[in-house]
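1. Here's my sequence, what's the structure:
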Amino acid sequence: MALRRLCEMQFLFSLPPKLFWDSFFYHMTHISNKNPSEIRPWQREHMTIESVDHETRSMTQRFTVPEFFEGYKMITSTTKVNDSAIGLYSLVDISAEYDKTGPEIKDLDQVQFLVDYINELVLRTGGQLLRRLK
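-> Numbering: from 1, shown residues only. Below you'll find the model as predicted:
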């Protein structure tokens, strides 16, 4: 029996929200527009864009390899970019929905690749992760 889980994280990045959003949107659109024949079975993190709201700077994506791998099946991810109260920084909320089987071990580690990818994107854009808030 699989359990539906939700992992929520929040980060502060040293990039203005508009710059972060523009870079995030560009890269995610490029990745999600891959031809299905280009997606390899080991690319379990590949996602297609389900919805985008430029006004609120939020994007929901669906994982394209909906199968269990090591007890986890990723379903959707939602990313929202907000202004922070500290200058021109981005406050980024990430939530990932997934099914899991087996014991509750390292749930947060299973969605770490989302954080790693966004952190790499920020570094390429000239910013850095300042703090993980939750």
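2. Buried residues, stretch 83-93. List them.
-> 84, 89-93 (16 or more other CB atoms under 10 Å). Placement of C-beta: from N, CA and C, glycine included.
3. host element of the residue sitting nearest the centre point of the chain?
-> Most central in the chain under CA atoms, centre = their mean is residue 114, positioned 4.3 Å from the mean C-alpha point. Using DSSP states H and E, residue 114 maps to helix 112-125.
4. And whichever helix or strand comes after that helix, what's buried?
-> Using DSSP H and E, the helix or strand that follows helix 112-125 in sequence is strand 129-132. Using 16+ other CB under 10 Å as the test for burial, strand 129-132 gives residue 130.
5. Report the rounded mean pLDDT for strand 129-132.
-> Strand 129-132 shows a mean pLDDT of 78.
6. for this structure, where's the lowest mean pLDDT among helices and strands?
-> Lowest on mean pLDDT, DSSP states H and E among the helices and strands of the chain sits helix 107-110, with a mean of 56.
7. what are the ranges of the strands in this protein?
-> 3-13, 47-53, 58-63, 72-83, 90-100, 129-132 (DSSP state E).
8. ok, which pair from the buried residues of stretch 83-93 is furthest apart?
-> Across the buried residues of stretch 83-93, the longest distance by CB to CB is 13.7 Å; it joins 89 and 93.
9. If you count contacts, what does the lengthiest helix in the chain end up packed against?
-> Criterion DSSP state H: the longest helix present in the chain is helix 17-32. Packing partners of helix 17-32 (3 or more CB pairs under 8 Å, 6 or more residues apart in numbering; DSSP states H and E): strand 47-53, strand 58-63, strand 72-83, strand 90-100, helix 112-125.
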